[in-house]
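Asks: Structure of the sequence below:
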Amino acid sequence: MASEWDWESGEGLLGIDDPEEWDAAFERGESRLGTAVIGLAFNCSLEEASPRIVRAKRLPDRNQRGFAFTAAGAAARINGCLTPELYAALRAEGPKGLAVHAIDDTLTFVPFRELPPWFKWRWVVTTVRNKLEGWWLRSEDAIGDAWRSLRGRRS
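Replies: Okay, the predicted model is just below:
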C-alpha cells in the first residue's frame, strides 16, 4: 500500500492523524518524523501521541529532535497536561537544551498543581527570576530618569 504522506519533502505531515502510519515510517527510517510527530500532537489523543513524541526525541537529526520537543509543547498547550513519559523526557533534556520552549509551554499551560515536583521547582525558579529581572529593569529606568533630570537642572 502506498503512503499518502510525502515523507521526502515533509509536505502535509502536520495533518497526519494515524499513529500506526508514523510507526511504519519510523521503521522505514523516514527523514521527517519530527515534523510528523507535531501532526500527531495536533490530531491524536495525548495517549496515542506521547510514545511517538518520546521516540522522536531520540532521532539522529538534531532539527527533527527539536520538532519532537515542539510537539511536546504543543501537547501541553492543547491538553493542559502531559504524560509521565513526556515529563521525564523534558526533564532529561533540561531547561537549556532543545526542550527550553517545551518546558516554558508546559509551565504556562499545565496547572501548577498538576506538575511533577521538578517542574514545580522550575516554575518557582522561573517566576522568581522573572520578578527580579523586572524589578532590576524598572530600577535601572528610574535611576536613569533621575540622572537625566539632575543633569538637566545643572545646565
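Asks: Helix or strand: which one has the most centrally placed residue in the chain?
Replies: In the chain, the residue lying closest to the centroid (CA atoms, centre = their mean) is Ala102, at 1.6 Å. Using DSSP states H and E, Ala102 sits in helix 100-109.
Asks: From the chain's centre, how far out is the helix or strand that comes right after that helix? Work that out for me.
Replies: Per DSSP H and E, the first helix or strand lying C-terminal to helix 100-109 is helix 117-154. Taking CA atoms, centre = their mean, to the nearest Å, one finds helix 117-154 lying 27 Å from the centre of the chain it belongs to.
Asks: tell me the angle helix 117-154 makes with helix 100-109.
Replies: 90 degrees (axes from the mean of the first three to the mean of the last three CA atoms, to 10 degrees).
Asks: Point out the other elements, helices or strands, that helix 117-154 touches.
Replies: helix 84-93, helix 100-109 (3 or more CB pairs under 8 Å, 6 or more residues apart in numbering; DSSP states H and E). (Glycine included, C-beta is placed from N, CA and C.)
Asks: Make CSV from those and add distance to Leu46 and mean pLDDT to it.
Replies: Shown next, in CSV, are these (distance: least, CB to CB, whole Å; pLDDT from 0 to 100):
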stretch, distance to Leu46, mean pLDDT
helix 84-93, 8, 94
helix 100-109, 13, 93
